[in-house]
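J.: I would like the atomic coordinates for the input below:
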Amino acid sequence: MRRPTFSRWIKRQVMELAGTDSFSLRKMAAAAQNEKPRVIEPLLLYAAATGQTERLMGFVYKDDVRRSYENVLPFFDGIELEEVARDRQLEGSIPREYGKFLASYRASYNRPETSKESKRMRWERSRALQLETGVSTAEICHALGLNPGNVNAYLKHGDLDKVSLRTATAIMTYLFEHEDSRQYRKAL
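T.: Just a heads-up that it's a prediction; the model follows:
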């Protein structure tokens, strides 16, 4: 999984919020001031990350948007926005609307580690459940329609790269359900 760069990531956010597949700073500025006010904050973050704040300010014609930008721009002066977004430096000092995007970027940037940790926790629980219930890897693969080699490498050897987080969750859920039904039958 590749880590996103801030300028590309925030550009995609602006395009999603504007509901478009193409990007033009001029058109995005117009959309932010008219029908797409949710684009205001990420558009300024994009301009600050790419060194286009002066150009963006040239497209701003609404006084309230201009004042909003002028209040926030001093926070971005002389900093590398991508580094700041990754380490929470500005989080308490900038308006919440901007901080949300920086926090979202940080989560996206750290996704490989969090995904791997999530898979490790699922593997540990799945392995314990598999040993408790006696369910074979072949039974899991057959029930879920998974590749036996990958599931075996995951469950037996803890190879986290062989399955996705979604697959690891499906395996763990299957084993939980199997454990619940076993306990239900035992109680009868």
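J.: domains for the protein, by residue range?
T.: According to the domain assignment given by automatic domain parsing, the chain is divided into the following structural domains: 6-109, 113-187.
J.: JSON lines please, covering these and showing mean neighbour count.
T.: C-beta: built from backbone N, CA, C; applies to glycine. Compiled in JSON lines, these are given as follows (neighbours: other Cβ atoms under 10 Å):
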{"stretch": "domain 6-109", "mean neighbour count": "16"}
{"stretch": "domain 113-187", "mean neighbour count": "15"}
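J.: look up how far Ala18 lies from the most centrally placed residue in the chain.
T.: When the chain is reduced to its mean C-alpha position, the closest residue under Cα atoms, centre = their mean turns out to be Ser108, at 3.6 Å. As defined by Cβ to Cβ, to the nearest Å, Ser108 lies at a distance of 19 Å from Ala18.
J.: so what's the residue nearest to the centre of the chain up against?
T.: Counting by Cβ atoms under 8 Å, 6 or more residues apart in numbering, Ser108 touches Pro4, Trp9.
J.: element containing it, please.
T.: Take DSSP states H and E as the rule and Ser108 turns out to sit in helix 96-109.
J.: could you do Ala138 as well?
T.: Under the criterion of DSSP H and E, Ala138 resides in helix 137-144.
J.: roughly how far is the helix or strand just after that helix from the heart of the chain?
T.: Following the chain from helix 137-144 toward its C-terminal end, the next helix or strand by DSSP H and E is helix 148-157. For helix 148-157, the separation from the chain centroid amounts to 27 Å (computed by Cα atoms, centre = their mean, to the nearest Å).
J.: let the chain start at 34 from now.
T.: Yep, numbering from 34; the last one is helix 181-190 now.
J.: can you tell me what sits against helix 181-190?
T.: The list of residues contacting helix 181-190 from outside it, by Cβ under 8 Å, 6+ apart, reads 156, 159-160, 163, 170-171, 173-174, 192-193, 195-196, 200-201, 204.
J.: how about a cut-off of 10 Å?
T.: Around helix 181-190, the neighbours that count as contacts under Cβ atoms under 10 Å, 6 or more residues apart in numbering are 152, 155-156, 159-160, 163-164, 168-171, 173-175, 177, 179-180, 192-197, 200-201, 204, 208.
J.: again with stretch 119-136
T.: Under the criterion Cβ under 10 Å, 6+ apart, residues 36, 39, 42-43, 46-47, 71, 73-75, 77-79, 81, 101, 104-105, 108-109, 112-118, 138-139, 142-143 lie in contact with stretch 119-136.
J.: with stretch 49-57 instead?
T.: The contact list for stretch 49-57 (Cβ under 10 Å, 6+ apart) reads 44-45, 47-48, 60-61, 63-65, 68-76, 79.
J.: no further questions, thank you.
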